[in-house]
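Asks: can you look at this prediction? I've put the sequence above it.
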Amino acid sequence: MIATFTDFGTRGPYLGQVRAVLHQLAPTVPVVDIFTDLPAFDCRAAAYLLPAYSAGLPADSVCLCVVDPGVGTGRRAVAVRADDRWYVGPDNGLLSQVVRRAGSVAASSIDWRPDFLSNSFHARDLFAPVCAMLANGEPPPGGAVDSAALDRPQWPDDLAEILYIDAYGNAISGLRAAAISPGAQIELSGCRCAYRRTFAEAEPSTPFWYANANGLVEVAANGASAARLLALEVGRTLTVVIQSS
Amino acid sequence: MIATFTDFGTRGPYLGQVRAVLHQLAPTVPVVDIFTDLPAFDCRAAAYLLPAYSAGLPADSVCLCVVDPGVGTGRRAVAVRADDRWYVGPDNGLLSQVVRRAGSVAASSIDWRPDFLSNSFHARDLFAPVCAMLANGEPPPGGAVDSAALDRPQWPDDLAEILYIDAYGNAISGLRAAAISPGAQIELSGCRCAYRRTFAEAEPSTPFWYANANGLVEVAANGASAARLLALEVGRTLTVVIQSS
Amino acid sequence: MIATFTDFGTRGPYLGQVRAVLHQLAPTVPVVDIFTDLPAFDCRAAAYLLPAYSAGLPADSVCLCVVDPGVGTGRRAVAVRADDRWYVGPDNGLLSQVVRRAGSVAASSIDWRPDFLSNSFHARDLFAPVCAMLANGEPPPGGAVDSAALDRPQWPDDLAEILYIDAYGNAISGLRAAAISPGAQIELSGCRCAYRRTFAEAEPSTPFWYANANGLVEVAANGASAARLLALEVGRTLTVVIQSS
């Protein structure tokens, strides 16, 4: 399976062109689009969504990861084997958390170049063909590189920010829920949100936090848009408040 | 074929994760997304779109139906065989009109549970695997239940409301066109809309009603957005006006 | 491969219904959606996007082309073999530039009619089945017509207008970049945009023009939305300014 994680947006011709390449070069491999609207240009924010939303994919899945404001510059293109999945994308920090959290990891530079390489669309011209190679069982077309160099040591292990607001108005953060006690509250936009296990346990239209289906702290509301209730935007900071009992 | 009818919205990671499960468990079955933006949280409105927009699907298609504000509560999960198609989803009225209109219908509860069942994403964890089972020719994983219990007798046979506004600004109602005389007018937002057989028969930028390609009464305008002309919103009530001649 | 180019919008049930027909009639053929939001109702603008965005598709691809404000009228339905690809759609000028630019071209009317033909959704009822036939290797279901009649001679060879604004805020024009010297500037919204080869070469947040990955002149900004910076809308006119040195 090839899974796409991009900031292309839900509109426009980009994802279709990438899929055309994938279907041509790896015709028997299914393609699923997990994120088409990762935070645009923001490889740091996207880095914390990647491991959470790729964790459930089958073994040997190939993740096409493209948030690539430096396309057309000298930034390196890489392929990473992290545990039992492949990740292909630019070396701009986007793969930092995948690399940091993996039990076993091996990285390669992508040295292969296509006959035609545009200046602005490496997802189609470079990354998609490499994903097809890997999905077809071929090795990465380049030499081994130090995987630690793909990390960004100055970035935290968890990111206490809103990274994504979904169509329901639920706000996904970069905090892993497993590390936070259900007794804690999440402070956001001057409001303290209590923990609820499910939507149905929450009072209607009162923002709460819960461990979402991909293991991240998410601020939501029962039958309403938490983003609207709290005037949330991507990038807003959260604070974990541990209550003294 | 597996067809999805959800209120996930066109953005975000939910549909992709559902597709990843479907491709893994039913690799040879094509998946099409019919609605990804059914009215959010509104299982009553969505109930009237389901039969109209699933009617054209091939025999033995499996419809994954998810408008599920009660996810994580005790609400029942069900699989319904209605005429020659399967419908899988929550028992919250979403399948009421499918059940009511079917010539033959048989319902099962879904008693099977996956190894991991999140509190908020049964579409991925429960309904998608069951859809894959049915698409693979397996029986529903649960016992027979009374299909009449899936209906909501207090809901009408046709819903005289705007249920969906498409990207052109056409407004789809819950009224079946076959029951309405072309001589009738549709009153909406204080405006009376006459019947036209085709867009081209209508005066430009004048709202009219017609029988849409799925058999529902739709209010539209030739070369313009009826929703903008009439300031329409989902939920707005329509009145059928039979003119005395 | 079947590639879709439509103005359906990214929302709603239309593309899914078309895909359901394609998967049923051509089950082994992959389908990719290149454009789902071509300029609505505007077959002239869309005509200049079609050749640019279909050029990279594999040989024998079938392009389903639907911007069809005249659906349900007497407008002709056609299938065109242009170089080594098929194009299926209404004869309303949408295929004019494909026909004009092709090295070899042959056109057929579509005389076949399905058992059920709605008045408003020929994409699903007529064009999709014909695309499936062609993808399956069958001949076009109709007689030869003069391909020159599909052109619109009064339309220019290049269209100096903004035809599409993508999710990043990049503005795609109908001008082929190969015909324009990199020394030229593009005047738009009272601003002169210089040429840059890549995004990274451009000063941050300063609009520039470049040859996009599909060969069209595109106005963009490094790390920002050119559409917002210049208050752009689809339909805005561009002027190519050749500087005297």
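Replies: Thanks, I have it. Residues are numbered from 1 along each chain as shown, chains lettered A, B, ... in the order given.
Asks: would you pull up the residue in chain A closest to chain B?
Replies: Closest contact between chain A and chain B, by Cβ to the nearest Cβ, is at residue A:167 (2.3 Å). To be clear about C-beta, it is placed using only N, CA and C from the backbone, and glycine gets the same treatment.
Asks: show me which residues of chain A are close to chain C?
Replies: A:8-17, A:19-20, A:23-24, A:27, A:37, A:40-41, A:69-73, A:118-121, A:124-125 (Cβ under 8 Å from any Cβ of the partner chain).
Asks: mind giving me the PyMOL select for these, buried ones only?
Replies: To isolate the buried members of these in PyMOL, using 16 or more other Cβ atoms under 10 Å in any protein chain shown:
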select buried, chain A and resi 8+9+10+11+12+13+14+15+16+17+19+20+23+24+37+40+41+69+70+71+72+118+119+120+121+124+125
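Asks: give me the subset of the residues of chain A next to chain C lying in helices.
Replies: Those of the residues of chain A next to chain C mapping onto helices are A:14-17, A:19-20, A:23-24, per DSSP state H.
Asks: mind putting those residues into CSV with pLDDT?
Replies: CSV is the format used below for those (pLDDT from 0 to 100):
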residue, pLDDT
A:14, 97
A:15, 97
A:16, 98
A:17, 98
A:19, 98
A:20, 98
A:23, 98
A:24, 97
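Asks: just name the closest of those to residue C:206, please.
Replies: Minimum distance to residue C:206 across these is 23.1 Å, recorded for residue A:14 (Cβ to Cβ).
Asks: so what's the closest one up against?
Replies: Neighbouring residues of residue A:14 by Cβ atoms under 8 Å, 6 or more residues apart in numbering or on different chains: A:6, A:8, A:121, A:123-124, C:166.
Asks: any idea how far it is from residue C:168?
Replies: 9 Å (Cβ to Cβ, to the nearest Å).
Asks: repeat for residue A:200
Replies: For residue A:200, the distance to residue C:168 - Cβ to Cβ - is 39 Å.
Asks: between these two, who's got more neighbours?
Replies: Taking neighbours as other Cβ atoms under 10 Å in any protein chain shown, residue A:200 and residue C:168 compare with residue C:168 leading, 22 against 17.
Asks: model confidence for that one, exactly?
Replies: pLDDT, the model's per-residue confidence, is 94 for residue C:168.
Asks: doesn't residue A:37 make contact with it?
Replies: No. Between residue C:168 and residue A:37 there is no contact under Cβ atoms under 8 Å: 11.1 Å.
Asks: intersection of neighbour lists for those two?
Replies: Residues touching both residue C:168 and residue A:37 by Cβ under 8 Å, 6+ apart: residue A:9.
Asks: OK, now which residue of chain A is nearest to chain C?
Replies: Taking Cβ to the nearest Cβ as the measure, chain A has residue A:9 as its residue closest to chain C, at 2.3 Å.
Asks: quick one, what contacts that residue?
Replies: Shown in contact with residue A:9 (Cβ under 8 Å, 6+ apart): A:36-37, A:40, C:166-168.
Asks: cool, and residue A:95?
Replies: Counting by Cβ under 8 Å, 6+ apart, the residues that residue A:95 touches are A:47, A:50, A:65, A:78, A:80, A:82, A:87, A:89, A:150.
Asks: and the first one, how far is that from residue A:72?
Replies: Summarising the geometry, the distance separating residue A:47 from residue A:72, computed by Cβ to Cβ, is 21 Å.
Asks: what residues are up against the residue nearest to residue A:189 when sequence neighbours are not counted?
Replies: Leaving aside its chain neighbours, residue A:189 sits nearest to residue A:230 (4.3 Å; criterion: Cβ to Cβ, 6 or more residues apart in numbering or on different chains). Residue A:230 makes contact with A:171, A:188-189, A:191, A:207, A:219, according to Cβ under 8 Å, 6+ apart.
Asks: buried among the residues you listed? Make that a ChimeraX selection.
Replies: With 16+ other Cβ under 10 Å as the burial test, the buried ones among these are selected in ChimeraX as follows:
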select /A:171,188,189,207,219
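Asks: from the contacts of residue A:230, pick the one nearest residue C:182.
Replies: Checking the contacts of residue A:230 against residue C:182 by Cβ to Cβ gives residue A:171 as the nearest, at 44.1 Å.
Asks: the domain parsing of chain A - what is it?
Replies: According to automatic domain parsing, chain A comprises the domains A:2-149, A:159-241.
Asks: from one end of stretch A:54-70 to the other, what's the distance?
Replies: Stretch A:54-70 has an end-to-end distance of 23 Å (Cα to Cα, to the nearest Å).
Asks: right, I mislabeled it, should have said stretch A:115-129
Replies: Stretch A:115-129 has an end-to-end distance of 11 Å (criterion: Cα to Cα).
Asks: with respect to pLDDT, which of the contacts of residue A:230 ranks lowest?
Replies: In terms of pLDDT, the lowest of the contacts of residue A:230 is residue A:189, showing 90.
Asks: low-confidence stretches in chain A?
Replies: Segments of chain A classed as low confidence (criterion: pLDDT under 70) are A:244-245.
Asks: quick one: the strands in it?
Replies: Ranges of strands in chain A, per DSSP state E, are A:2-6, A:31-35, A:62-66, A:77-82, A:85-90, A:105-109, A:144-145, A:159-165, A:171-176, A:185-188, A:191-195, A:208-211, A:216-220, A:239-241.
Asks: out of the ones you listed, which is closest to residue C:155?
Replies: strand A:2-6 (34.0 Å).
Asks: and that closest one, what does it pack onto?
Replies: Under the contact criterion of 3 or more Cβ pairs under 8 Å, 6 or more residues apart in numbering or on different chains; DSSP states H and E, strand A:2-6 touches helix A:14-25, strand A:31-35, helix A:43-54, strand A:62-66, helix A:128-135.
Asks: hmm, who's touching the fourth one?
Replies: By Cβ under 8 Å, 6+ apart, the list of residues contacting strand A:62-66 from outside reads A:1-8, A:18, A:46, A:50, A:54, A:57, A:85-90, A:94-95, A:122-123, A:127-128, A:131, A:134-135.
Asks: cutoff 6 Å now
Replies: A:2-6, A:54, A:86-89, A:94, A:123, A:127, A:131, A:134-135 (Cβ atoms under 6 Å, 6 or more residues apart in numbering or on different chains).
Asks: before we move on, what about the second one?
Replies: Strand A:31-35 has contacts (Cβ under 6 Å, 6+ apart) with A:2-5, A:19, A:22, A:53, B:13, B:16, B:19-20.
Asks: how about the last one?
Replies: With contacts defined as Cβ under 6 Å, 6+ apart, helix A:128-135 is touched by A:2, A:18, A:21-22, A:25-26, A:29, A:62, A:64, A:86, A:88, A:110.
Asks: pull up the residues of chain A that are close to chain B.
Replies: The interface of chain A toward chain B, taken as Cβ under 6 Å from any Cβ of the partner chain, is made up of A:10, A:30, A:32-35, A:37, A:53, A:57-58, A:166-167, A:198, A:200, A:213, A:223.
Asks: need the nearest residue in space to the residue nearest the centre of chain A, chain neighbours excluded.
Replies: The centroid of chain A falls nearest to residue A:50 when counting by Cα atoms, centre = their mean (2.6 Å). Distances taken as Cβ to Cβ, 6+ apart place residue A:98 nearest to residue A:50, at 5.5 Å, with adjacent residues excluded.
Asks: for that neighbour, what are its contacts?
Replies: Residue A:98 neighbours (Cβ under 6 Å, 6+ apart): A:50-51, A:82, A:87.
Asks: buried subset of those residues, written for PyMOL?
Replies: The buried residues among the contacts of residue A:98 can be selected in PyMOL (16+ other Cβ under 10 Å) with this line:
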select buried, chain A and resi 50+51+82+87
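Asks: can I get the contacts of residue A:98 in a markdown table including distance to residue A:160?
Replies: As requested, those are arranged in a markdown table below (distance: Cβ to Cβ, whole Å):
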| residue | distance to residue A:160 |
| --- | --- |
| A:50 | 17 |
| A:51 | 16 |
| A:82 | 24 |
| A:87 | 24 |
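Asks: which of the contacts of residue A:98 sits closest to residue C:106?
Replies: Out of these, the member with the shortest distance to residue C:106 (by Cβ to Cβ) is residue A:87, at 45.5 Å.
Asks: quick check: the closest one touching residue A:80?
Replies: Yes. The pair residue A:87 / residue A:80 is scored as a contact, 4.5 Å apart, by Cβ atoms under 6 Å.
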